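Undergrad: Pasting the sequence and the predicted model now:
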Amino acid sequence: MRKILFDSDTASDDTLALLLAIRKFEVLGVTIVAGNVGFENQVRNALFTLEYFGYDAPVFLGPRRPIMGIWKTVEEVHGANGLGGWNFPEPSKSPDSEFAADALLRISKAYSGELEILAVSPLTNIALAYLKDPAVVRRVKKLWVMGGAFYRGNTTQIAEFNFWVDPEAARIVLNAGFDVTIVPWETAEQSACISKADWEDIARRKTKASEFFVRSNAALLNYSLRSGAEGSVHPDSLTAAIAFDQSIVTEAKTLAVDVETCAGGRGAMLLDSYGLTGKQPNASVVYRADSSKFRELVLSQLS
Ligand SMILES: [Ca+2]
């Protein structure tokens, strides 16, 4: 089974992505990074999700802030605690004492050439690991990143949330030399929307997994609908799905990609579509994905 580290600011859609990950990969650990909601809630959400589905993996804590960014959490998207306000029981396990970036480096040595990282979050942990030990690039087989907007920024006019929270980290990681695939925001908007009809179907199933989905993504559904979507939008889960099954990608381009770190443009994804910078391509960017394959994969895990 493929071995992954799951890097996450664990709130609603992160938990569906985590469910896909534990069903389809061997998850060697979950590393928490500042992002969606309050840090303690993110940690609880990760511990609870693992426990709910009976999966034993350590949870490692990263820094409680981005490298340079002054960010804001988005409880209005994910609910007060990040899981739709679900008043779930206190997880029985505690997080591991090892710092997330150190755990990443240690695990990358234990599984050198084999480890993949699924980063559905700001890239702070991975940037810190790289700054401490740049050779990590050679040990990590693949880095899957949810981040960046083509033109429909969901946090500023131009920036997607993960790249906006820690654009310095994103810039460090994208220029480090990892084998990277990026799943931008609009690709998820187009192809990773769980419709209201599917929601009704999922709710009727009344399984452990379907109940988890409905409760943890309730706030996300409302937010997505208010934003003009036809259901709940799942960028993290799409990234997990693509990591598992690359045939879900229907169009991708290998380009030189960077991230803007200045003033109003912070977090903007810079795609060199015409080779203007003379830089070597450093990432495969997913432009389109197969929405029916994504939907089938998600629905199959909620029965
Ligand atoms: Ca996330």
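TA: Sure, I can see it.
Undergrad: what's downstream of the helix or strand encompassing residue 131, the next helix or strand?
TA: According to DSSP states H and E, residue 131 maps onto helix 124-132. The helix or strand immediately downstream of helix 124-132 is helix 136-139, counting by DSSP H and E.
Undergrad: Keeping just the C-alphas, turn the helix holding residue 131 into CSV.
TA: Extracted in CSV, the C-alpha atoms of helix 124-132 (Å, rounded to 0.1, in the frame of the first residue of the first chain):
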residue,chain,number,x,y,z
THR,A,124,4.2,25.8,6.5
ASN,A,125,5.2,22.3,7.8
ILE,A,126,6.7,21.3,4.5
ALA,A,127,8.6,24.6,4.1
LEU,A,128,10.0,24.2,7.6
ALA,A,129,11.1,20.6,7.0
TYR,A,130,12.8,21.6,3.8
LEU,A,131,14.6,24.6,5.4
LYS,A,132,16.0,22.3,8.1
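Undergrad: and that helix, average pLDDT?
TA: On average, the pLDDT along helix 124-132 is 98.
Undergrad: List the residues that contact the most centrally placed residue in the chain.
TA: Nearest to the mean C-alpha position of the chain, by C-alpha atoms, centre = their mean, lies residue 120 at 1.1 Å. Residue 120 sits next to 6-9, 13-14, 17, 146, 162, 235-236, 239-240 when contact means C-beta atoms under 8 Å, 6 or more residues apart in numbering. Placement of C-beta: from N, CA and C, glycine included.
Undergrad: which SS state does residue 187 fall under?
TA: Of the three states, residue 187 takes helix under DSSP: H, G, I helix; E, B strand; the rest coil.
Undergrad: wait, residue 111 sits on residue 3?
TA: Yes: in this structure, residue 111 is within contact of residue 3 by C-beta atoms under 8 Å, at 5.2 Å.
Undergrad: Can you classify residue 251 as helix, strand or coil?
TA: strand.
Undergrad: do the same with residue 176
TA: Residue 176 - assigned by three-state DSSP - is coil.
Undergrad: Which strand or helix spans whatever residue of the stretch 201-303 of the chain ends up closest to the ion?
TA: Residue nearest to the ion within the stretch 201-303 of the chain: residue 236 (4.7 Å; C-beta to the ion). With secondary structure defined by DSSP H and E, residue 236 is part of helix 235-244.
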